[in-house]
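Student: With the input below, show me the fold.
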Amino acid sequence: MGKFIGFKFKPWQAVGIAKNLGNAAKFLGPAVALVSVGIDVLEMHNESQREKEMADLRKDISSQFQKIAKDLDAQIERQLSEFETEVYTEIEKQIAEAIKQEEETIATSNSWIKQLGEIRSNFDLILQYIHKTTAKAKG
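Tutor: Modelled structure (predicted):
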């Protein structure tokens with residue numbers, strides 16, 4: 001074998017090297033298994049860390065969506081309140097104007113009724129005068 005790789009072994013040197021390789025293989029098997037377990041533990045820890053980070057990100061995203069929803073709700077409430085104020089203010093103005101016009105109409109009507117009453121009183125006085133005059137003329 002030594003000739004094949006270009007190395008000349010001393011007597012029993014090849015046996016010693018083979019024995020050392022066998023002992024190393026006996027040690028390396030459990031060592032590799034231990035390293036494999038360590039790598040598995042490290043991967044589980046990293047996976048756990050990634051899951052925690054993902055959970056934190058999901059929580060943060062949910063929190064942001066809730067904040068946006070609250071902001072939109074407040075904005076809608078503000079706009080609705082402004083709209084109601086504008087509409088109700090305009091309706092109140094129209095009602096006040098209608099009441100004012102109705103009061104003016106009533107006042108004008110009352111003025112005409114008063115004038116009609118005065119004219120009627122004058123006609124009654126004229127009729128009484130005519131009756132008195134015709135009664136004196138007859139009698």
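
Student: gap between the helix or strand E103 falls within and the chain center?
Tutor: Using DSSP states H and E, E103 sits within helix 13-138. Centroid separation for helix 13-138 versus its chain: 7 Å, with CA atoms, centre = their mean, to the nearest Å.

Student: pLDDT averaged over that helix, what's the number?
Tutor: Within the predicted structure, the mean pLDDT of helix 13-138 is 87.

Student: what packs against that helix?
Tutor: Under the contact definition 3 or more CB pairs under 8 Å, 6 or more residues apart in numbering; DSSP states H and E, helix 13-138 sits against no other helix or strand. Backbone N, C-alpha and C define where each C-beta goes, glycine included.

Student: how many other residues sit next to Q101?
Tutor: Burial of Q101, expressed as a neighbour count using other CB atoms under 10 Å, amounts to 10.

Student: Please name the residues that touch it.
Tutor: For Q101, no contacting residues are found, by CB atoms under 8 Å, 6 or more residues apart in numbering.

Student: And D124, by the same measure?
Tutor: Contacts of D124 (CB under 8 Å, 6+ apart): none.

Student: if I look at it, how far off is E92?
Tutor: Distance check for D124 against E92: by CB to CB, to the nearest Å, it reads 47 Å.

Student: Just give me the neighbour total for E102.
Tutor: If we define neighbours as other CB under 10 Å, then E102 has 10 of them.

Student: Next up, the contacts around it.
Tutor: Contacts of E102 by CB under 8 Å, 6+ apart: none found.

Student: For T89, see how far away it is.
Tutor: From E102 over to T89 the distance is 20 Å, taken as CB to CB.

Student: Kindly report the same for A69.
Tutor: In this view, A69 and T89 are 30 Å apart by CB to CB.

Student: likewise Q79?
Tutor: 16 Å.

Student: for L116, same thing?
Tutor: Distance of L116 to T89, computed by CB to CB: 40 Å.

Student: That's all I had, so thanks and see you.
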